[in-house]
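In: turn this into a model:
(2 chains)
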Number of protein chains: 2
Amino acid sequence: MSVAPPPKSTANETTHPFDDAIALTPLPGGHWRGRTSADYRNMVGPFGGITAAVVLNAVLLHPQRLGDPVALTVNYAGPITDGEFTIEVEVFRTNRATQHWILRLVQGDDRTPALSATAVTALRRQAWSGPELGMPAVPSADSLPRAAIDLAGVPWTARYDMRFVRGALSLDPQAPASPDSATEVWMRDQPPRPLDLASLCAMCDGFFPRIFLRRPGFVPAGTVSMTVYFHADAAALAAQHDAAVLGTARAQVFAQGFFDQTAQVWGKDGALLATTHQIVYYKE
Amino acid sequence: MSVAPPPKSTANETTHPFDDAIALTPLPGGHWRGRTSADYRNMVGPFGGITAAVVLNAVLLHPQRLGDPVALTVNYAGPITDGEFTIEVEVFRTNRATQHWILRLVQGDDRTPALSATAVTALRRQAWSGPELGMPAVPSADSLPRAAIDLAGVPWTARYDMRFVRGALSLDPQAPASPDSATEVWMRDQPPRPLDLASLCAMCDGFFPRIFLRRPGFVPAGTVSMTVYFHADAAALAAQHDAAVLGTARAQVFAQGFFDQTAQVWGKDGALLATTHQIVYYKE
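Out: Below is the predicted model of the structure:
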């Protein structure tokens, strides 16, 4: 495979394409106006990770926000067409230390529904903490070649530096089927950008569909619902700088047109930054 | 530990307590009226699993429903007080094969917010299917003793027959800390009841807080958000009859007052019926 030419960027010269893609303008009532980015386009509509990130950003920027994100669930309900969209934000309930959000992404004057979401933010506290799952022992990102992914019409893949340890993407229908759907991959924004909650959120959807490993060749597939649990606050992510994070992902079952994916994103010193799950439609 | 006397049931004689607890009466606008059940009370408010099940039931009973549940996320936003509640249902978007739902559980004339949720239902199709994760090899439920859980003021635990293979509940602060938070437990409604989507949903929250294994003794903890992915349709669950299902659960990380739990529920012949995740508040 060869590296595709970089897509034409819509970002201005002083802004990273990621920041441009998640930019929001305030609307009355705590709502936000955003627009799709050519840089993060997927085959049909935007990369799901960038959409999750812009929805999270509507919470992050909200003047009434309490604490940092703990949980985000996004449901990809319908197509998002190129252009402007509105993120409608509802502060459902605010407690002393936690806050609950309901969000909708809609388009057009008729508010065509495209995505629903819920989020929880919370004040984190000092408490006994401990790892449970350990980061797998893998070669460093520097010691691995950057994956050369040439997917015509899928610009977002060029926005990530991906280095596969295991379970690399192959769309060759003649490739042998993998006995499992496990992937281990180092991920980093391209160009590099300091990690934050929004970019971590986007990377949680950076794994290609697990069915591609079990059924070699291209299989139509798309995320229906994704949940991200954040285990690091903004300060811990800032300490990560722009170093690559390790993503580990696998499916647990493929059944009747839907498979699940359970995944982890690991940072420096083996810290588990996020755990994430999704249910994915496939047609095979 | 000794077995607590069964709590006084509010169910009538012809209805299983579970069915009584998830019963709903239609209200105008596709909304529903329910009420809390003494049988499934937790220390404070209802068992989270029964609340998830009654919210799912609001979708299952809805006249506009398309297909079977694929995903449910419930966010426990605030306390639920004993008595009546309203489940407000919004059909966010209906596609050809999938449908997206937004739900709220509120109480009182001022609609005090208690829970937000999203659900996805879908028409399942014939497609290549395959397991990925295998059910662990464990002794049969019949070969294990029923756990004698005597939790004063926690009636819901008496509503399940639980047989622990590994990682049993202990609230003894002198117990040795477990090196991990893994539990394997056979679960069945008590009295027995044929498995269906609602009871499977409730069992997904049937695991005690994982922190109890890592930090022996009682630690205040409560689920903040739970997601369930359903991998079996109503017909496949009916074939399960009232046999015990195997639940497997563990945390991946404990950090700053929140830990996650990732879990599976297995049925006959090792079929993975549901995978489920939650993020849990703890104070330690």
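
In: from the chain's centroid, how far away is the biggest helix by length in chain A?
Out: Counting by DSSP state H, the longest helix found in chain A is helix A:48-60. Counting by CA atoms, centre = their mean, to the nearest Å, helix A:48-60 is centred 9 Å from the centre of its parent chain.

In: same question for stretch A:217-237.
Out: That offset, for stretch A:217-237, works out to 4 Å (CA atoms, centre = their mean).

In: buried ones in that stretch?
Out: A:219, A:221, A:223-233, A:236-237 (16 or more other CB atoms under 10 Å in any protein chain shown). Placement of C-beta: from N, CA and C, glycine included.

In: just stretch A:176-183 next, same as before
Out: Judged by neighbour count using 16+ other CB under 10 Å, the buried positions of stretch A:176-183 are A:178, A:181-183.

In: where along the stretch 151-284 of chain A do the helices fall?
Out: For the stretch 151-284 of chain A, helices defined by DSSP state H, counting those that start in this stretch occupy the ranges A:197-203, A:211-214, A:234-238.

In: touching, A:Ala202 and A:Val54? I think so.
Out: No. With contacts counted by CB atoms under 8 Å, A:Ala202 stays clear of A:Val54, the gap being 9.0 Å.

In: where does pLDDT dip in the stretch 101-250 of chain A?
Out: A:150 (pLDDT under 70).

In: nearest to chain B among the buried residues of stretch A:176-183?
Out: Nearest to chain B, judged by CB to the nearest CB, of the buried residues of stretch A:176-183 is A:Ser181 at 5.9 Å.

In: OK, contacts around the closest one?
Out: Neighbouring residues of A:Ser181 by CB atoms under 8 Å, 6 or more residues apart in numbering or on different chains: A:167, A:210-211, A:213-214, A:249-251, B:132.

In: which of the residues you listed has the most neighbours?
Out: Taking other CB atoms under 10 Å in any protein chain shown as the neighbour criterion, A:Arg210 ranks highest of these with 29 neighbours.

In: wouldn't that residue be in contact with A:Gln252 here?
Out: No. A:Arg210 is beyond contact range of A:Gln252, at 9.4 Å (criterion: CB under 8 Å).

In: circling back to that earlier point, pick out the most distant pair among the buried residues of stretch A:217-237.
Out: The span of the buried residues of stretch A:217-237, defined through CB to CB, is set by A:Val219 and A:Asp233 at 37.6 Å.

In: hmm, back to that, contacts for the longest helix of chain A, please.
Out: With contact meaning CB under 8 Å, 6+ apart, helix A:48-60 is reached by A:18, A:21-22, A:24, A:32, A:34, A:37, A:40, A:42, A:65, A:69, A:72, A:74, A:76, A:80, A:87, A:89, A:101, A:103, A:105, A:115, A:117, A:119, A:121, A:156, A:197-199, A:201-206, A:222-223, A:226, A:228.

In: quick check: A:Thr262 touching A:Val253?
Out: No. Counting by CB under 8 Å, A:Val253 is not a contact partner of A:Thr262; they are 10.5 Å apart.

In: report whether stretch A:231-250 contacts chain B.
Out: Yes. Stretch A:231-250 reaches chain B (CB under 8 Å from any CB of the partner chain) through A:231-233, A:250.

In: now the residue minimising distance to the centre of chain A: closest residue in space that isn't a chain neighbour?
Out: Residue closest to the mean C-alpha point of chain A, counted by CA atoms, centre = their mean, is A:Ala202 at 2.4 Å. For A:Ala202, ignoring the flanking residues on the chain, the nearest one in space by CB to CB, 6 or more residues apart in numbering or on different chains is A:Gly49 at 3.7 Å.

In: model confidence for A:Met1, exactly?
Out: Listed pLDDT for A:Met1 reads 33.

In: okay, now A:Pro17: neighbour count?
Out: 26.

In: now it: phi and psi?
Out: Main-chain torsions, A:Pro17, degrees, to the nearest 10: phi -60, psi -30.

In: so it touches A:Asp39, yeah?
Out: Yes. Shown here, A:Pro17 and A:Asp39 form a contact pair, counting by CB under 8 Å, at 4.1 Å.

In: if we can go back for a sec, is chain B within reach of the very next helix or strand once past the longest helix of chain A?
Out: Heading C-terminal from helix A:48-60, the first helix or strand you meet, by DSSP states H and E, is strand A:68-76. Yes. Where contact is defined by CB under 8 Å from any CB, part of strand A:68-76 touches chain B, namely A:70-71, A:73, A:75.
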